[in-house]
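Q: Structure for the following, please:
(one chain, ligands or ions: 1)
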Amino acid sequence: MRLVDSHAHLQAEAFAADADLVLRAARLAGVERLLAPGWDLPSSRDSVALAERWPRVDASAGIHPHAASTVDDGMWGEIAALARDERVVAVGETGLDYDRGFSTREAQLANLRRHLALALELRKPAILHCRSRPGQRDAQDDLLRELLAAGIERSGSRSPLGGRPPALLHSFSGPVDYGERALELGLAISFSGLVFRRGEEVSATVARLVPAEHLLVETDSPYLSPPGAPRRRNEPRWVEVTARWLAEQRGEDPEALGEGLVRAYDATFGTS
Ligand SMILES: [Zn+2]
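A: All right, here's what the predicted structure looks like:
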């Protein structure tokens with residue numbers, strides 16, 4: 001089965017000792033391309049270094065909502081400069097996390113707004129993390145409002161990003177109508193091992209709604225191990241578990257789904 005991993009933090013401490021072995025295991029499992037998103041300034045720099053070292057790894061630069069409160073204008077200037085690098089194919093990860101609340105909502109919203117503006121300016125998709133507390137949806141509702149305020153709906157067929165998704169919802173979590181609205185806005189949706197967790201059951205419904213060209217899959221390594229993967233450390237090769245789940249939910253042949261995932265990855269990040 002052909003595979004991609006649209007979100008794996010290979011530059012994380014968990015992979016410091018053996019990232020090359022992990023990448024080789026991923027290749028053997030069929031993972032053809034992988035995006036290693038930055039979550040702060042050092043990890044965004046490391047993302048570019050990984051992409052430089054491994055041709056099948058793509059980079060992104062951004063500030064995770066958890067770190068939003070720690071960013072000053074100087075640091076943001078460095079992120080914005082990094083984002084212009086040609087090896088950087090996306091802006092983020094950024095977004096909103098009202099579940100753990102490591103940064104204030106005000107700081108998260110300000111952080112999100114400048115990422116969205118930068119993504120539209122550079123014509124690179126924004127990678128969006130979005131989590132509310134269990135049973136709530138305020139982060140998702142705020143995210144949709146911010147996407148509209150940033151003008152993302154005008155980025156459909158007539159640019160700024162041409163027909164490419166202006167953003168992607170990484171590690172999808174949220175109600176069905178939120179997923180539908182995101183698709184109407186032209187976003188891509190990426191599913192992770194989170195779909196197997198209790199409380200995330202509606203992800204199966206959303207997985208059936210996403211058009212193939214906007215459907216992505218990821219591990220969010222080293223987090224969110226799917227069933228069968230070691231709980232201690234998830235790895236890109238385990239993306240197959242979630243990809244097969246997608247094929248099952250959609251009633252598609254896994255091989256055909258895999259072909260579609262590779263195409264969607266290249267179309268989203270402009271990597272073909
Ligand atoms: Zn992440």
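
Q: is it fair to say Leu168 lies in a helix?
A: No: Leu168 sits outside any helix when classified using DSSP: H, G, I helix; E, B strand; the rest coil, being strand.

Q: Now do the same contact list for the residue lying closest to it once chain neighbours are set aside.
A: In this structure, Leu168 finds its nearest non-sequential neighbour in Ala188, 4.0 Å apart by CB to CB, 6 or more residues apart in numbering. For glycine as for every other residue, the C-beta is placed from the backbone atoms N, C-alpha and C. Contact partners of Ala188, counting by CB atoms under 8 Å, 6 or more residues apart in numbering, are Pro125, Pro165, Ala167, Leu168, Leu169, His214, Leu215, Leu216, Ala264, Thr268.

Q: Same list (the residues you listed) but as JSON lines, adding pLDDT and distance to His66.
A: Formatted as JSON lines, these follow (pLDDT from 0 to 100; distance: CB to CB, whole Å):
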{"residue": "Pro125", "pLDDT": "96", "distance to His66": "21"}
{"residue": "Pro165", "pLDDT": "93", "distance to His66": "24"}
{"residue": "Ala167", "pLDDT": "96", "distance to His66": "19"}
{"residue": "Leu168", "pLDDT": "97", "distance to His66": "19"}
{"residue": "Leu169", "pLDDT": "98", "distance to His66": "17"}
{"residue": "His214", "pLDDT": "96", "distance to His66": "26"}
{"residue": "Leu215", "pLDDT": "98", "distance to His66": "27"}
{"residue": "Leu216", "pLDDT": "98", "distance to His66": "22"}
{"residue": "Ala264", "pLDDT": "97", "distance to His66": "27"}
{"residue": "Thr268", "pLDDT": "96", "distance to His66": "24"}
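
Q: And stretch 258-272, what's buried?
A: Going by neighbour count (16 or more other CB atoms under 10 Å), the buried part of stretch 258-272 is Gly258, Gly260, Leu261, Val262, Arg263, Ala264, Tyr265, Ala267, Thr268, Phe269.

Q: What lies in contact with the helix or strand hosting the fourth one?
A: Spelled out, it's Val262. Using DSSP states H and E, the element containing Val262 is helix 254-269. Outside helix 254-269, the residues within contact range by CB under 8 Å, 6+ apart are 1-4, 6, 30, 32-33, 35, 58, 89-90, 125, 164-165, 168, 188, 212-217, 243-244, 246-247, 250, 271-272.

Q: What segments of the protein are strands?
A: Assigned by DSSP state E, the strands in the chain fall at 3-5, 31-37, 57-61, 88-97, 126-131, 167-169, 188-191, 215-217.

Q: Reformat those as JSON lines; add distance to Asp138.
A: Output for the strands of the chain, formatted as JSON lines (distance: least, CB to CB, whole Å):
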{"stretch": "strand 3-5", "distance to Asp138": "29"}
{"stretch": "strand 31-37", "distance to Asp138": "24"}
{"stretch": "strand 57-61", "distance to Asp138": "26"}
{"stretch": "strand 88-97", "distance to Asp138": "9"}
{"stretch": "strand 126-131", "distance to Asp138": "10"}
{"stretch": "strand 167-169", "distance to Asp138": "16"}
{"stretch": "strand 188-191", "distance to Asp138": "20"}
{"stretch": "strand 215-217", "distance to Asp138": "25"}
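
Q: Right, I'll call it a day here.
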